[in-house]
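Peer 1: Here's a sequence, model it:
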Amino acid sequence: MNVSHASVHPLDDPPTTDGGGGGGGNNEVPRVRMKDIQGMPGTPGGLALRICQFVFAVVGLCVMATTSDFPSVTAFCYLVAATGLQSLWSLSLAVIDIYALLVRRTLQNYRVVSLFTIGDGITSTLTFAAACASAGITVLIDNDLDGCVQNHCAQFETATAMAFISWFTALPSFLLNFWSLASR
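Peer 2: Numbering: from 1, shown residues only. Model (predicted):
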């Protein structure tokens, strides 16, 4: 009767996986979890990135929304919508990071990291596109039309710069999450 039995290995001597015992030829190496790199979800670096994303997005949103003539330009409306979405996304993930740090849990679940990666990719792409569109309109108003006398060019430029900085702080979050998915 050839029945397999569970084997108990002592703590001192972990089981070998090299298959050199002449037996079954088990060549599987046990998977080693990647260390929590700062900037990934559930780390203090990740929380710092989320807070920076939130702060710069909210500043860009507030500066652009306080101008009286931003609704007349589609790119500026798009910037307000994109930075609003970026700020809500970053705030919600910052709350999740705070919770994970308080209860000392890691957020390296494949589904959670996949959700974070997709969300970061979408929001960072939208923020970057909105910042580029707003920068183009701001340059058009300032340099080509010489219309800064009657417009709020300084506020437009400030809001656009804040959107670029928010995108720049969202990019490491996306890349680290994507890298952690690829290394699984």
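
Peer 1: use CA for all of it now, contacts and neighbours both
Peer 2: Noted.

Peer 1: quick one: contacts for Gly39?
Peer 2: Neighbouring residues of Gly39 by Cα atoms under 8 Å, 6 or more residues apart in numbering: 45-49, 172-173, 176.

Peer 1: what about 7 Å?
Peer 2: Counting by Cα atoms under 7 Å, 6 or more residues apart in numbering, Gly39 makes contact with 45-46, 49, 173, 176.

Peer 1: What residues sit buried inside the helix or strand where Phe156 lies?
Peer 2: Assigned by DSSP states H and E, Phe156 falls within helix 153-182. For helix 153-182, burial by neighbour count (16 or more other Cα atoms under 10 Å) applies to 153, 155-157, 159-178, 180-181.

Peer 1: what does stretch 92-107 give?
Peer 2: For stretch 92-107, burial by neighbour count (16+ other Cα under 10 Å) applies to 93-94, 96-98, 100-101, 107.

Peer 1: can you list the residues that contact that stretch?
Peer 2: Contacts for stretch 92-107 (Cα under 7 Å, 6+ apart): 41-43, 47, 50-51.

Peer 1: repeat that with 8 Å
Peer 2: Contacts of stretch 92-107 (Cα under 8 Å, 6+ apart): 41-44, 46-47, 50-51, 113.

Peer 1: Hmm, Pro41 is touching Arg50, no?
Peer 2: No - Pro41 lies out of contact with Arg50 (Cα atoms under 8 Å); the separation is 9.3 Å.

Peer 1: Helix, strand or coil: sort out Val80 for me.
Peer 2: Of the three states, Val80 takes helix according to DSSP: H, G, I helix; E, B strand; the rest coil.

Peer 1: Tell me both backbone torsions, phi and psi, for Gln38.
Peer 2: phi -60, psi 130 (degrees, to the nearest 10).

Peer 1: returning to that earlier point: and the buried residues of stretch 92-107, which of them are in helices?
Peer 2: 93-94, 96-98, 100-101 (DSSP state H).

Peer 1: What I need now is the residues you listed written out in a markdown table, including pLDDT and distance to Thr74 for each item.
Peer 2: Listed next are those as a markdown table, based on pLDDT from 0 to 100; distance: Cα to Cα, whole Å:
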| residue | pLDDT | distance to Thr74 |
| --- | --- | --- |
| Leu93 | 92 | 29 |
| Ala94 | 94 | 30 |
| Ile96 | 92 | 33 |
| Asp97 | 90 | 34 |
| Ile98 | 93 | 36 |
| Ala100 | 89 | 39 |
| Leu101 | 90 | 40 |
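
Peer 1: Now do the contacts for Cys132.
Peer 2: Counted by Cα under 8 Å, 6+ apart, Cys132 has contacts Thr160.
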